[in-house]
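Chemist: coordinates for the following, if possible.
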Amino acid sequence: MSSLYERLGAADGIRRIVDDVIANHLLNPVVSVRFRHVKDLPHLKEMAFQFFCMGSGGPQSYQGKDMRSAHQGMNISEQEYLAVMDDIVAALHKHGVDDSSCNEVVAILYALKGEVIRV
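Modeler: Numbering: from 1, shown residues only. Below you'll find the predicted structure:
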């Protein structure tokens, strides 16, 4: 059985997924305002890329802040968190990621919920 990293398309596939995730966020009325005001979108994409790679079993290391520190003071609501998860799942489906792998990603994201919502 291949790793989640490999099933997501390894580095190239994950980079394409992250690009679409951010594009989805920018179009999503629930969270777009948060992403339109990001000063360094390429840096955000790189951190998301590293995070997805590391979290899915890839060889990349994540150089960003821990989730609690990264979202501290943002007062993210459950609705926003779910909207972000929906955007991620939509990007995964767009790239042909199978349902089992999508469910693994959702489980990982759900496990981080307490580190992001209202911290």
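Chemist: what about this protein, any weak spots by pLDDT?
Modeler: Residue ranges of the chain with pLDDT under 70: 119.
Chemist: flag every buried residue along the helix or strand hosting residue 12.
Modeler: Using DSSP states H and E, residue 12 sits within helix 10-27. When burial is assessed from 16 or more other CB atoms under 10 Å, helix 10-27 yields the following buried residues: 10, 13-18, 20-22, 24-26. C-beta: built from backbone N, CA, C; applies to glycine.
Chemist: so which of those is the closest to residue 105?
Modeler: Nearest to residue 105 among those is residue 17, at 9.3 Å by CB to CB.
Chemist: the residue lying closest to the closest one once chain neighbours are set aside: neighbouring residues, count only.
Modeler: Spatial nearest neighbour of residue 17, excluding adjacent residues (CB to CB, 6 or more residues apart in numbering): residue 91 at 5.1 Å. Residues near residue 91, counting by other CB atoms under 10 Å, number 21.
Chemist: before we move on, what about residue 53?
Modeler: Counted with other CB under 10 Å, residues neighbouring residue 53 total 21.
Chemist: list the contacts of it.
Modeler: Counting by CB atoms under 8 Å, 6 or more residues apart in numbering, residue 53 touches 5, 11, 14, 59, 60, 62.
Chemist: one step back: can you put the buried residues of helix 10-27 in a markdown table and add distance to residue 97?
Modeler: Shown next, in a markdown table, are those (distance: CB to CB, whole Å):
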| residue | distance to residue 97 |
| --- | --- |
| 10 | 12 |
| 13 | 8 |
| 14 | 10 |
| 15 | 14 |
| 16 | 11 |
| 17 | 8 |
| 18 | 13 |
| 20 | 11 |
| 21 | 12 |
| 22 | 17 |
| 24 | 14 |
| 25 | 18 |
| 26 | 21 |
